[in-house]
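S.K.: Quick one, what's the 3D model for this:
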Amino acid sequence: YPFLARPGFGPGEQDWDHVEVRKGAHLFYWLYYTTANVSSFEERPLVIWLQGGPGVASTGSGCFEQLGPFDIEGQPRASNWVQHMNVLFIDSPVGTGFSYVESFGEYALNNKQIALDLVSLMTDFLRSHPEFQRVPLHIFSESYGGKMAPEFALELYRAQQRGEVQCQLKSVVVGNPFTSPVDTILSYAPFLLQQGIVDNDGFKNISQAALELSRLIYTGEMLKTVRQNVELQQLIGETTVGIFSSYIQRRTHVDYVYEYGGDQKVCDFMLNNVTKSLNLTHMPEWVVRNLSVYFHLGSDLFKPAVHIVTRLLDETPIRVGVYSGIQDLVCPTPGTVNWINSMMWGRKKLYEDATRRPFHVNGFLEGYEKQGGNFSMFWVLRAGHMVQQDNPAAMSHILREFIDYG
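M.R.: Below is the predicted model:
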């Protein structure tokens, strides 16, 4: 193993650090070298994982709820990604998780700033870990990461073209993405009606609130937009009487309170175990969900990033993938399908003409896929907002579609 590896938390060699990406703005990364049975970790690709929120930590939710070697009970996870590949968890935007800002003025105000900060981090990372300059690189993300990851990929590609960074970026893949906020918002009411969760009255009320929110987005009244979104989410909560929005079929107790990435158990686990293991007790405290990150992005939160996905498809050789757990209410599949259908790029006809096929894992139907023109879409059964958590078998198929890992 290389010089920059040490025991961290859980199995295998790791490395982690803060990078000052702008004056007073510090991003944190946590690298897990693969535990695969290979003679060198360089035989396996590097996958970056970006959490959504914005303001939910990859090091918490991503690593311990979804794809790291251990869960928050300290139990090994059979479907962890580290057994197959090198995984880099990044707490982004600045202020998320272990990442921090020295003053309020350093928070990111828009998606482009988030992307440029991530490029700064990767430039530093690839300088200090030069062996990864030669290894295939893939960016995976979920939720608000569906806005961050494409722009990060585009800016990283452009920096590479300018000779500022050496890397082998192959694909960017977004799960249950918030790439087109308006399409997502307008899909709530029909989705809930079709699932039998609301009746016509509920449909009408939620539709009206969603239409008002989309109107505010179109007219650029972004502060009102944030307020109206809070009201819309409350209305959905009251109308559905507390459905589990990340996975509508999940059976949850009436007293159960869930917030995406904001689980108190995860928070306690990070503060009591991980912070000590990584020797970060003297640093700013790990934040389970930093609302300052969210509110600083206020005027940018509901702007789409579909045009960025189009640019990736038209201007770069990078493969783009979208996967969607069909039981998700946070970013419902119909909304995602709508923005993909209306997105125009040079080779779109290849995608349109492609046959949508089922995919099976060990003989079981896990979902459907449609691929063409360097773009892929996956509809995932028995999964909600967090596909890796809900249906790891389907996720392993999606990973294999993009990544060669032995």
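S.K.: what's the helix or strand Leu137 falls within in contact with?
M.R.: Per DSSP states H and E: Leu137 is located in strand 136-142. Residues outside strand 136-142 that contact it (CB atoms under 8 Å, 6 or more residues apart in numbering) are 45-52, 148-149, 152-153, 167-177, 385-387, 402-404. To be clear about C-beta, it is placed using only N, CA and C from the backbone, and glycine gets the same treatment.
S.K.: what about the strands in the stretch 51-200 of the chain?
M.R.: Under the criterion DSSP state E, counting those that start in this stretch, strands of the stretch 51-200 of the chain are mapped to 86-91, 100-101, 136-142, 168-175.
S.K.: Show me what the last one is packed up against.
M.R.: In other words, strand 168-175. Where contact means 3 or more CB pairs under 8 Å, 6 or more residues apart in numbering; DSSP states H and E, strand 168-175 is packed against strand 136-142, helix 145-161, strand 319-325, helix 392-402.
S.K.: picking up where we left off before, among the contacts of strand 136-142, which ones are buried?
M.R.: 45-52, 148-149, 152-153, 167, 169-177, 385-387, 402-403 (16 or more other CB atoms under 10 Å).
S.K.: ranges for the helices of the stretch 251-400 of the chain?
M.R.: Ranges of helices in the stretch 251-400 of the chain, per DSSP state H, counting those that start in this stretch, are 264-269, 275-277, 291-296, 306-315, 333-342, 348-353, 387-390, 392-402.
S.K.: Partner strands of the strand holding Leu137 and their direction?
M.R.: Strand pairing for strand 136-142, determined by DSSP bridges: strand 46-50 (parallel), strand 168-175 (parallel).
S.K.: Distance to Leu278 and mean pLDDT added to the helices and strands packed on strand 168-175, as TSV?
M.R.: Formatted as TSV, the helices and strands packed on strand 168-175 follow (distance: least, CB to CB, whole Å; pLDDT from 0 to 100):
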stretch	distance to Leu278	mean pLDDT
strand 136-142	22	98
helix 145-161	23	98
strand 319-325	30	98
helix 392-402	26	98
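S.K.: Go through the ones you listed and name the closest to Val230.
M.R.: helix 145-161 (19.3 Å; CB to CB).
S.K.: So which bits of that closest one are buried?
M.R.: Buried residues in helix 145-161, counted by 16+ other CB under 10 Å: 145-160.
S.K.: I figured Leu169 hits Leu156, correct?
M.R.: Yes: counting by CB atoms under 8 Å, Leu156 is a contact partner of Leu169 at 5.9 Å.
S.K.: In the protein, which residue sits furthest out from the middle?
M.R.: Asp201 (33.5 Å; CA atoms, centre = their mean).
S.K.: which stretches of this structure have low pLDDT?
M.R.: 1-3, 261-262 (pLDDT under 70).
S.K.: Would you list the phi and psi of the residue nearest to Pro181 when sequence neighbours are not counted?
M.R.: Closest residue in space to Pro181, ignoring its immediate chain neighbours: Phe302 at 4.3 Å, by CB to CB, 6 or more residues apart in numbering. Backbone torsions of Phe302, given as degrees, to the nearest 10, read phi -100, psi 10.
S.K.: quick one: Phe302 and Thr225 touch, right?
M.R.: Yes: when contacts are counted by CB under 8 Å, Phe302 is listed as touching Thr225 (5.3 Å).
S.K.: Glu42: what's it in contact with?
M.R.: 131-132, 134-135.
S.K.: between those residues, which has the most around it?
M.R.: Phe132 (23 neighbours; other CB atoms under 10 Å).
S.K.: Pretty sure Trp16 sits in a helix.
M.R.: No: assigned with DSSP: H, G, I helix; E, B strand; the rest coil, Trp16 falls outside any helix and is strand.
S.K.: That one: neighbour count?
M.R.: The burial count for Trp16: 19, using other CB under 10 Å.
S.K.: and it, what does it touch?
M.R.: With CB under 8 Å, 6+ apart, Trp16 has these contacts: 8, 28-31, 278.
S.K.: could these be laid out in a markdown table, adding secondary structure?
M.R.: Formatted as a markdown table, the contacts of Trp16 follow (three-state DSSP):
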| residue | secondary structure |
| --- | --- |
| Gly8 | coil |
| Phe28 | strand |
| Tyr29 | strand |
| Trp30 | strand |
| Leu31 | strand |
| Leu278 | coil |
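S.K.: Distance of Ile315 relative to Ile114?
M.R.: If you look again at residue 315, you'll see it is Glu, not Ile. Distance of Glu315 to Ile114, given as CB to CB, to the nearest Å: 20 Å.
S.K.: Neighbour count for the two, which is higher?
M.R.: Ile114 (27 against 14).
S.K.: still on that earlier bit, of all the helices of the stretch 251-400 of the chain, which one comes closest to Phe378?
M.R.: Nearest of the helices of the stretch 251-400 of the chain (CB to CB): helix 392-402, 5.4 Å.
S.K.: Would you mark the buried spots in that closest one?
M.R.: 392-399, 401-402.
S.K.: for it, packing partners?
M.R.: Against helix 392-402 (3+ CB pairs under 8 Å, 6+ apart) you get strand 168-175, strand 319-325, strand 357-361, strand 364-372, strand 375-380, helix 387-390.
S.K.: could you dump it to CSV, C-alpha only?
M.R.: Coordinates of each C-alpha in helix 392-402 appear next as CSV, following Å, rounded to 0.1, in the frame of the first residue of the first chain:
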residue,chain,number,x,y,z
PRO,A,392,-28.4,-3.6,-2.9
ALA,A,393,-28.8,-6.3,-5.6
ALA,A,394,-30.1,-3.8,-8.1
MET,A,395,-27.4,-1.4,-7.1
SER,A,396,-24.7,-4.0,-7.8
HIS,A,397,-26.1,-4.4,-11.3
ILE,A,398,-26.0,-0.7,-11.9
LEU,A,399,-22.5,-0.4,-10.6
ARG,A,400,-21.4,-3.3,-13.0
GLU,A,401,-23.0,-1.4,-15.9
PHE,A,402,-20.5,1.4,-15.4
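S.K.: what angle separates that helix from strand 364-372?
M.R.: Per axes from the mean of the first three to the mean of the last three CA atoms, to 10 degrees, the angle that helix 392-402 makes with strand 364-372 is 30 degrees.
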